[in-house]
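Trainee: Using only what follows, build the 3D model:
(chains A and B)
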Number of protein chains: 2
Amino acid sequence: MFDPIKAIIDFTAHASVSADPEAKGGINGAVGFLKDLFEKEMGLDVKVVETPGHPVVIAKRGGDPAWPHVVVYGHYDVQPADPLEEWHTPPFEALVKGDEMFGRGVADDKGPVMVHIAALARLLERRSDLPLRVTFIVEGEEEIGSVNLAAVMRAHKAELSGDFLLMSDTTGLGRDDESITTGLRGISALEVRLQGPRQDLHSGFHGGAVMNPVRALVALCASLHDADGRVNIPGFYDDVVAPQDWEREEMDRLGRDPEDYRKLLGVPELCPPPDFDVFESRCFGPTLEFNGISGGYQGHGSKTIIPAKASAKISCRLVPNQDSFRILDLLEKTLRERCPKGVTMEIERHHGGDPYLVLPPHKSGEDADTAKGRAFKAADEAIREQFGSAPHYLREGGSVPILSDIRRILGLDALMLSVALQDCNMHSPNEKLDLIVFERCSKVSERILEAVADGV
Amino acid sequence: MFDPIKAIIDFTAHASVSADPEAKGGINGAVGFLKDLFEKEMGLDVKVVETPGHPVVIAKRGGDPAWPHVVVYGHYDVQPADPLEEWHTPPFEALVKGDEMFGRGVADDKGPVMVHIAALARLLERRSDLPLRVTFIVEGEEEIGSVNLAAVMRAHKAELSGDFLLMSDTTGLGRDDESITTGLRGISALEVRLQGPRQDLHSGFHGGAVMNPVRALVALCASLHDADGRVNIPGFYDDVVAPQDWEREEMDRLGRDPEDYRKLLGVPELCPPPDFDVFESRCFGPTLEFNGISGGYQGHGSKTIIPAKASAKISCRLVPNQDSFRILDLLEKTLRERCPKGVTMEIERHHGGDPYLVLPPHKSGEDADTAKGRAFKAADEAIREQFGSAPHYLREGGSVPILSDIRRILGLDALMLSVALQDCNMHSPNEKLDLIVFERCSKVSERILEAVADGV
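Mentor: So this is what the prediction gives:
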């Protein structure tokens, strides 16, 4: 009998911190743990694919090529545990207290990936002849940008193509409110740097004769929004798709109070742009944000200089069907066209990713008589049963760039079942996993796999 | 026979760095040097006025109250000598090479103040019965904002009142181009800080719902100039007095090439505001400059946050008759009125000072039959004789806030004779004094004092 709690504890003991060059032992330990689990306990075919970074574990339950094929995604790497002194328990010794388990990675993503491992293990215990192919892809670089996963997927494209992707790496609402994530925002980011004089100038001797690069930068940056708060870049909204009515209703159904949210953030006023309310603006609308700005004297008091340079870091959150490269092109073009005289401009593009949307076929009107359609329908029914209420189909405001790669390279849409909760301290000390949610989700996953296998 | 070169060398040996709390010995040494020089070599009455900071030396040649009274200003404190490794000679061992002397303070302001000490000493050697009262005020805090001088002037107002102020602490054009500084810009400075959310936010989870403080700041700052580059603060230009035609002609007479200046600064284009050419804009026009701007992530690459705060340091250079407090009020009022919603604003006012203008009576049409009028006329004639060409009457773009205090408290206008040159490395390593200029200026000063004494 597969014991998922013991498995998560054993998995957590390997400090697989992908960002830490000293953590090779933890990485190898986690890979070895997965290999043994998939191979020895579950009888799957395991391949450890080496990369220039950390290995990708591919574990396959094969079978008749006519059987449906579910691909499951997860990651075994975790965030660093610092600051250690703020943990109440040792981060790599997962500890169960009541209905919660504490430890680094239990919520992101070792616990959530175990939801689906346990589901398959239990299903195979019951039905060893299940007519279903399942392939797990568990990578070790999610926390550092999934830098090598796309290349691995391209190299193993044939064996990784399937019907849909099942995964749990987004966050849910609470123990009695299960959600399925239907969308994520994309991102386009760059840094713009303006150079005025060769070096900082005395503002008395030279002030008046030259363009101050900070003045040029604030004029440039201020031009990027209109007075109502819309992004003022020609073409920016061209490809934006409005949310469907039922998606807005799903948001309203949550009954959240903007005043509570305002207090939580500590702002004097919430400022959604036109066309969206506060909560809608966080997932249905695109944004342009200044992540940082810098120029001239930063110390105490005053220093009367004209700075030599000034720079701003800008990123846009994108919604379907905005294209991250096109938006970056539009932003760069706009900045170059509006560059004030008297300064020179340099632009550095950063990494980005496309927005992502996957609506449940039985809600959106898409053909539901597919493996993917059956999976969403089974998930809906199982969630009602396990959690006592219908799932919330919600878009999130954050970005998971690898999902677009998976869709582009493997042609797979994702069913994203929330396991971690909003208060799970992901990336922070005392990360925790709700074991009630874990168990309910594992049953939901088991039902999804069985429904897809049985074609019902 | 007074030897000014030896005197400057001895004066320089005292490392009177006012900003350095460890330099008390240098301060005391410089004060003692001045006391001995004024008292023992020249027979003046010396008072060392203690302050909460560094002492002020007041040295007086008294006499018949009916005699004219010239007040001479200077400062004995110097900038720190760092970076020491860039000096070619020890900074506090003044060294003569050819026609130049090298050492910390030789140009700012120990050499220039010695111009007038030497002038009086020589004049008294020739004419011990000269019908003239002269009082030197030599402070020790000019490089740190003259923090205690106003209080000392108020306390000694009666004995410091006189006909005009003679001083040398501005910079000239070259060995054959002597200038008299007729104006300085004032300054108003503040820092504006905007606070949005309590802490930095994830731009994916919250982006759209809140005002980004950097966005608010760039909108606010961009509103402070109009599209032509004029300062866009209601009332800002109300009290600006246009320069007189002859002042503009003085500027033109210098025959400077904007292209040379552009290359010197290394900017792609010079950007004077409307109404002024490049060189005029630096002294006849007021400015609003951003000295620094800061907010959010400043490191390498990108970090997708909405910053909690953003701030900008702003200073205005002011021209006659703008009032530094009124401008600060207007700036603060404008910022508060234009503060975008969704953020809170905090403003910290910094020190400022009023602009300064003193036109030579024989050029401006003012009554020239005064001690001040005779001084300017004597200076004009002596400069033609010593330097071979007429003096340039020029305004400077920088600020010497203490001059407004001297005018307000003591009622004295200043005759500012340039001694240091633009390439003298003031505040930098290898500070130097041109000894030809020094000697010529000392003869000009001697002529000024004698003309005022004789009433011609």
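Trainee: contacts, neighbours, all on C-alpha from now
Mentor: Will do.
Trainee: Identify the spatial nearest neighbour of A:V192, chain neighbours not counted.
Mentor: Leaving out its chain neighbours, the residue that sits closest to A:V192 by C-alpha to C-alpha, 6 or more residues apart in numbering or on different chains is A:I347, at 4.6 Å.
Trainee: Likewise for A:R122?
Mentor: Nearest one to A:R122, counting by C-alpha to C-alpha, 6+ apart, is A:F2 at 6.8 Å.
Trainee: hang on, the one you found packs against A:A121?
Mentor: Yes. Contact criterion C-alpha atoms under 8 Å: A:F2 and A:A121 qualify, at 6.6 Å.
Trainee: ok, those two, which is more surrounded?
Mentor: A:A121 (21 against 15; other C-alpha atoms under 10 Å in any protein chain shown).
Trainee: got the contact list for that one?
Mentor: A:F2, A:M42 (C-alpha atoms under 8 Å, 6 or more residues apart in numbering or on different chains).
Trainee: Assumed it was part of a helix.
Mentor: Yes. Read with DSSP: H, G, I helix; E, B strand; the rest coil, A:A121 is one of the residues of a helix.
Trainee: Run a quick neighbour tally on A:R408.
Mentor: 12.
Trainee: again with A:D226
Mentor: Around A:D226 there are 12 residues (other C-alpha under 10 Å).
Trainee: And the pLDDT at the residue lying closest to it once chain neighbours are set aside?
Mentor: Residue nearest to A:D226 in three dimensions, not counting chain neighbours: A:N232, with 5.6 Å by C-alpha to C-alpha, 6+ apart. A:N232 is assigned 98 on the pLDDT scale.
Trainee: any idea how far A:N232 lies from A:R338?
Mentor: 12 Å (C-alpha to C-alpha, to the nearest Å).
Trainee: Looking at these two, which is more packed in?
Mentor: The neighbour comparison of A:N232 against A:R338 (other C-alpha under 10 Å) goes to A:N232, with 18 against 15.
Trainee: Verify the stated contact: that one with A:A222.
Mentor: No. A:N232 is not in contact with A:A222 according to C-alpha under 8 Å; the separation is 9.5 Å.
Trainee: Mind jotting down where the helices sit in the stretch 1-150 of chain A?
Mentor: A:4-12, A:24-36, A:110-126, A:149-155 (DSSP state H, counting those that start in this stretch).
Trainee: Output the first one in PDB with nothing but the alpha carbons.
Mentor: Presented in PDB, the C-alpha positions along helix A:4-12 are these (Å, rounded to 0.1, in the frame of the first residue of the first chain):
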ATOM      1  CA  PRO A   4       2.200   9.300   0.300                       C
ATOM      2  CA  ILE A   5       2.900  11.000   3.600                       C
ATOM      3  CA  LYS A   6       6.000   8.900   4.200                       C
ATOM      4  CA  ALA A   7       7.000   9.500   0.600                       C
ATOM      5  CA  ILE A   8       6.700  13.300   0.900                       C
ATOM      6  CA  ILE A   9       8.800  13.200   4.100                       C
ATOM      7  CA  ASP A  10      11.500  11.100   2.400                       C
ATOM      8  CA  PHE A  11      11.400  13.400  -0.700                       C
ATOM      9  CA  THR A  12      11.700  16.600   1.400                       C
END
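Trainee: Can you name the residues that contact the nearest residue to A:E381 once chain neighbours are set aside?
Mentor: Once flanking residues are discounted, A:E381 sits nearest to A:A390: 7.8 Å by C-alpha to C-alpha, 6+ apart. Neighbour list for A:A390: A:E178, A:D380, A:E381, A:I383, A:R384 [criterion: C-alpha under 8 Å, 6+ apart].
Trainee: how near is the second one to B:A451?
Mentor: Just to be clear, that refers to A:D380. 103 Å.
Trainee: who's more crowded, those two?
Mentor: Each of A:D380 and B:A451 has its neighbours counted (other C-alpha under 10 Å); A:D380 has more, 23 against 19.
Trainee: if we can go back for a sec, in TSV: the helices of the stretch 1-150 of chain A, plus mean pLDDT.
Mentor: Formatted as TSV, these follow (pLDDT from 0 to 100):
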stretch	mean pLDDT
helix A:4-12	98
helix A:24-36	98
helix A:110-126	98
helix A:149-155	97
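Trainee: So which of those helices is the most surrounded?
Mentor: For the helices of the stretch 1-150 of chain A, average neighbour numbers computed from mean count of other C-alpha atoms under 10 Å in any protein chain shown are highest in helix A:110-126, which has a mean of 22.
Trainee: Would you mind putting the CA coordinates of that one into PDB?
Mentor: Provided in PDB are the C-alpha atoms of helix A:110-126 (Å, rounded to 0.1, in the frame of the first residue of the first chain):
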ATOM      1  CA  LYS A 110       7.000  18.000  -3.700                       C
ATOM      2  CA  GLY A 111       3.600  17.600  -2.100                       C
ATOM      3  CA  PRO A 112       1.500  18.600  -5.100                       C
ATOM      4  CA  VAL A 113       3.500  16.300  -7.500                       C
ATOM      5  CA  MET A 114       2.900  13.500  -5.000                       C
ATOM      6  CA  VAL A 115      -0.800  14.000  -5.300                       C
ATOM      7  CA  HIS A 116      -0.700  12.600  -8.800                       C
ATOM      8  CA  ILE A 117       2.000   9.900  -8.000                       C
ATOM      9  CA  ALA A 118      -0.200   8.600  -5.200                       C
ATOM     10  CA  ALA A 119      -3.300   8.700  -7.400                       C
ATOM     11  CA  LEU A 120      -1.600   6.500 -10.100                       C
ATOM     12  CA  ALA A 121      -0.100   4.200  -7.500                       C
ATOM     13  CA  ARG A 122      -3.400   3.600  -5.800                       C
ATOM     14  CA  LEU A 123      -5.200   3.200  -9.100                       C
ATOM     15  CA  LEU A 124      -2.700   0.600 -10.300                       C
ATOM     16  CA  GLU A 125      -3.100  -1.200  -6.900                       C
ATOM     17  CA  ARG A 126      -6.800  -1.500  -7.700                       C
END
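Trainee: which residue sits farthest out from the middle of chain A?
Mentor: A:F205 (51.4 Å; C-alpha atoms, centre = their mean).
Trainee: That residue - that's part of a helix, no?
Mentor: Yes. When three-state DSSP is applied, A:F205 is found to be in a helix.
Trainee: could you pull out the strands for the stretch 301-450 of chain A?
Mentor: A:305-306, A:309-318, A:344-349, A:356-357, A:392-395, A:414-417, A:420-421, A:432-434 (DSSP state E, counting those that start in this stretch).
Trainee: same question, the stretch 151-300 of chain A
Mentor: So, for the stretch 151-300 of chain A - with DSSP E, counting those that start in this stretch - the strands run A:164-167, A:171-172, A:179-184, A:186-195, A:201-202, A:287-296.
Trainee: export those strands to JSON lines and tack on mean neighbour count and mean pLDDT?
Mentor: Formatted as JSON lines, those follow (neighbours: other C-alpha atoms under 10 Å in any protein chain shown; pLDDT from 0 to 100):
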{"stretch": "strand A:164-167", "mean neighbour count": "24", "mean pLDDT": "98"}
{"stretch": "strand A:171-172", "mean neighbour count": "23", "mean pLDDT": "91"}
{"stretch": "strand A:179-184", "mean neighbour count": "25", "mean pLDDT": "96"}
{"stretch": "strand A:186-195", "mean neighbour count": "24", "mean pLDDT": "96"}
{"stretch": "strand A:201-202", "mean neighbour count": "18", "mean pLDDT": "91"}
{"stretch": "strand A:287-296", "mean neighbour count": "26", "mean pLDDT": "97"}
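Trainee: okay, these in CSV with distance to A:E446 next?
Mentor: Putting these into CSV (distance: least, C-alpha to C-alpha, whole Å) gives the following:
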stretch, distance to A:E446
strand A:164-167, 11
strand A:171-172, 19
strand A:179-184, 16
strand A:186-195, 31
strand A:201-202, 68
strand A:287-296, 38
